[in-house]
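Engineer: Take this sequence and fold it.
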Amino acid sequence: FHFHGADQGQSSNCSCVCHSPSSISTASIFRSPDYLKNGDDFDSLEQVTGALAQAGLESSNLIIGIDFTKSNEWTGKKSFTGRNLHDLGGDCPNPYEQAISIIGRTLRQFDEDNRIPCYSFGDATTGDQQVFSFHLEDRPCHGFEEVLSCYRERAPHVKLAGPTSFGPIIRNAIRIVNDSDGQYHILLIIADGQVTRSVDTPYGHFSPQEQSTIDAIVEASKYPSSIILVGVGDGPWDQMYECDDQIPARKFDNFQFVNFTNIMSMAIPTPRKETEFALQSLMEIPPQYKATISLQLLGQKRKTEGRFPFPMPLPPPIANISLNSSPSYRRSPSYRRTNSDMPTSPFGLAPSPPNSNIHTPPSGFAPSPSPSGRSPPLSLSSSFNRICPVCFSKERDLVFGCGHQACSDCGKDLFFCPSCQTQIETRIKLIN
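Structural biologist: Numbering: from 1, shown residues only. Below you'll find the predicted structure:
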């Protein structure tokens, strides 16, 4: 990995990003090749765009993935005036809208057909297994104006859940790249949290979500694509910084992390912030693009049958409401319980100890495990075992035939048990 973050930020011109959260680790900015030196060398997004063109990027196709895990409800406590990061009712755009807009303006001239496939993950319909498309029949958005319009239309209908895995959105991007006969693509993932690591994951092992993400990143390096992960909200992002350069066995370095909150909290004019964010997001693209050429990945379609799963995306949640008579449109098999005897990483890595990424929601939120991967404090009693494993907010009051439980709001729509994946045929409501 290469992970990028601005130095410790200060107050922002926009009230939506008021200061840099103390919980966010900082890292020195890695400056890549000479043709893209320092953010101070550029005064506008147009200059960044020109530098990318000069570096050899002739065309690209963009894919966007949006995080709808439940922690979006509280990870804006410091950076977004306590609001849900997906809130659309403020005086200025939310962090997701800002990131999409800035990257869109920078890459607009490189997108030949102006078609942008857009997806979301981590909600109650997808969990850590699938993604849903912004449009029925997996139709791409036409330009960034439609991306933002569709995002604003879909967001109010999405039920935040979890846990967090970037594996499904990366696998979906690989499918798109391969179906295009090997055209170069950039996958932009905007997320509020790092990958889920449960407290019962042994030291030296990866959680299922971590393993899925790593496997997908490694597989993506066999295709002409780059992955940009933009972190919004308060974090924490220590897991991402600690993983710097810790994924070997790739064809080329195809991944970078950018801390959006730290950059937008810098005490500089807003245009300079946007330029710095665009620069840090895209500064690795020229060498990655050249790597796909030298490795002869461009223009190649690989045979993937039976070797790596590429599930088709689900329709958007608003479609689920209108098409609720069709089970295939409702809900995917939910997430699997973290297995304490997961095999060690094939790369011989030692992930952070189980309690190194613990995150507790701020006061005012129920002490439940965060769906974006922040595990509850070890001191929590068994009370959180009564919390629904789908929405992580309501108490379990519905028992399935297999014996596992969920809340009635989530359980009435599930087709498979979120704990054991058994098909649900019986539901029994508990009476307090």
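
Engineer: drop to CA atoms for contacts and neighbour counts, all remaining ones
Structural biologist: Fine.

Engineer: Low-confidence regions, the chain specifically.
Structural biologist: Of all residues in the chain, those with pLDDT under 70 make up the ranges 1-42, 241-246, 304-309, 318-385, 391-393, 419-421, 432.

Engineer: The residue lying closest to Asp181 once chain neighbours are set aside: neighbouring residues, count only.
Structural biologist: Among residues not flanking Asp181 along the chain, Lys301 sits closest, at 4.8 Å (C-alpha to C-alpha, 6 or more residues apart in numbering). Using other C-alpha atoms under 10 Å, Lys301 has 15 other residues around it.

Engineer: Also Pro317?
Structural biologist: Neighbours of Pro317 (other C-alpha under 10 Å): 25.

Engineer: dump the residue contacts of it.
Structural biologist: If you count contacts by C-alpha atoms under 8 Å, 6 or more residues apart in numbering, Pro317 has them with Thr125, Phe132, Arg154, His157, Val158.

Engineer: Going by distance to Asn172, which of those residues wins?
Structural biologist: Phe132 (10.1 Å; C-alpha to C-alpha).

Engineer: Just confirm that closest one contacts Asn172, I think it does.
Structural biologist: No. In this structure Phe132 lies outside contact range of Asn172 using C-alpha atoms under 8 Å: 10.1 Å.

Engineer: quick revisit: would you check which pair of the contacts of Pro317 lies furthest apart?
Structural biologist: Farthest pair in those, by C-alpha to C-alpha: Thr125 and Arg154, 13.3 Å.

Engineer: neighbour-wise, which of these two wins?
Structural biologist: The neighbour count for Thr125 versus Arg154, taken as other C-alpha under 10 Å, is higher for Thr125 (31 against 17).

Engineer: and the more buried one, which of the three is it?
Structural biologist: coil (DSSP: H, G, I helix; E, B strand; the rest coil).

Engineer: Offset the numbering so it begins at 10, please.
Structural biologist: All right, first residue 10 from here; so that's Thr134.

Engineer: how close does it get to Ile433?
Structural biologist: Thr134 sits 16 Å away from Ile433, going by C-alpha to C-alpha, to the nearest Å.

Engineer: cool, and Thr301?
Structural biologist: Distance from Thr301 to Ile433, by C-alpha to C-alpha: 45 Å.

Engineer: These two: which is more packed in?
Structural biologist: Neighbour totals were compared for Thr301 and Ile433, and Thr301 leads with 23 against 18 (other C-alpha under 10 Å).

Engineer: Please name the residues that touch the more buried one.
Structural biologist: Thr301 neighbours (C-alpha under 8 Å, 6+ apart): Tyr232, Pro233, Ser234, Leu307.

Engineer: I'd guess it is in a helix, am I close?
Structural biologist: Yes. When three-state DSSP is applied, Thr301 is found to be in a helix.

Engineer: gap between it and Asn263?
Structural biologist: 10 Å.

Engineer: Give me the common contacts of those two.
Structural biologist: Counting by C-alpha under 8 Å, 6+ apart, the residues touching both Thr301 and Asn263 are Ser234.

Engineer: Around the closest residue to Ile183 other than its chain neighbours, count how many other residues there are.
Structural biologist: Closest residue to Ile183 apart from its sequence neighbours, by C-alpha to C-alpha, 6+ apart: Ala229 at 6.1 Å. A total of 24 residues lie near Ala229 under the criterion other C-alpha under 10 Å.

Engineer: Go ahead and confirm Ala229 touches Pro177.
Structural biologist: No. Using C-alpha under 8 Å as the test, Ala229 is too far from Pro177 to be in contact (11.7 Å).

Engineer: The residue nearest to Asp190 contacts Gln192, correct?
Structural biologist: No. Using C-alpha under 8 Å, Lys310 is not in contact with Gln192; the gap is 9.2 Å.

Engineer: can you pull out the helices in the stretch 60-209 of the chain?
Structural biologist: Under the criterion DSSP state H, counting those that start in this stretch, the stretch 60-209 of the chain contains helices at 104-116, 152-163, 176-188.
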